[in-house]
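A.B. asks: Predicted model and sequence below, questions to follow.
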Amino acid sequence: MPVITNIETTDRANAAVNKQMLQLPDLLLQKGAIQLKGEFLEELGIDLPFITKVKKGDRFFSKVHIYIVCKKYKVNANWLLGLEKNPFR
């Protein structure tokens, strides 16, 4: 049985969160929680270059970003981690 290191686990968790966080603006638009994708970026204090780096795997969303979306938009933290199917609480 292969040994999974903490680094591998962290990388997988970061990748899962990044994937879900990148989907959030579209889901929030559909839900009517935001009017423009820029609102999402502004709320998190990020910009398009940050998103580009996330898509390349060079950057990750932080705990603060996760906290903000969970609190403000009632996002299910377990969904962000890929543990549940429902994105909202």
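C.D. replies: Sure, I can see it. Residues are numbered from 1 along each chain as shown.

A.B. asks: Please count neighbours and contacts with C-alpha atoms only from this point.
C.D. replies: Will do.

A.B. asks: quick one: the residue most central in space within the chain from Asn6, how far?
C.D. replies: Nearest to the mean C-alpha position of the chain, by C-alpha atoms, centre = their mean, lies Met21 at 2.2 Å. From Met21 over to Asn6 the distance is 22 Å, taken as C-alpha to C-alpha, to the nearest Å.

A.B. asks: now Lys19
C.D. replies: 20 Å.

A.B. asks: Looking at these two, which one has more neighbours?
C.D. replies: Higher neighbour count among Lys19 and Asn6: Lys19, with 18 against 9, using other C-alpha atoms under 10 Å.

A.B. asks: what about the longest helix in this structure?
C.D. replies: helix 6-31 (DSSP state H).

A.B. asks: list the buried ones in that one?
C.D. replies: By 16 or more other C-alpha atoms under 10 Å, the buried positions in helix 6-31 come out as 14-19, 21, 24-25, 28.

A.B. asks: and of the residues you listed, the nearest to Gly57?
C.D. replies: Ala15 (7.8 Å; C-alpha to C-alpha).

A.B. asks: I'd like the buried residues of helix 6-31 as CSV, with distance to Asp47 and pLDDT appended.
C.D. replies: Converted to CSV, the buried residues of helix 6-31 look like this (distance: C-alpha to C-alpha, whole Å; pLDDT from 0 to 100):
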residue, distance to Asp47, pLDDT
Asn14, 19, 87
Ala15, 19, 89
Ala16, 20, 90
Val17, 18, 94
Asn18, 15, 96
Lys19, 17, 95
Met21, 14, 98
Leu24, 15, 97
Pro25, 13, 98
Leu28, 17, 98
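
A.B. asks: Pull the distance from the one helix or strand in the chain whose mean pLDDT sits lowest to the chain's centre.
C.D. replies: Counting by mean pLDDT, DSSP states H and E, the chain has its least confident helix or strand at helix 6-31, which shows a mean of 90. In terms of C-alpha atoms, centre = their mean, to the nearest Å, the centre of helix 6-31 is found 4 Å from the chain centre.

A.B. asks: Equivalent analysis for stretch 48-59, please.
C.D. replies: The answer for stretch 48-59 is 12 Å, by C-alpha atoms, centre = their mean.
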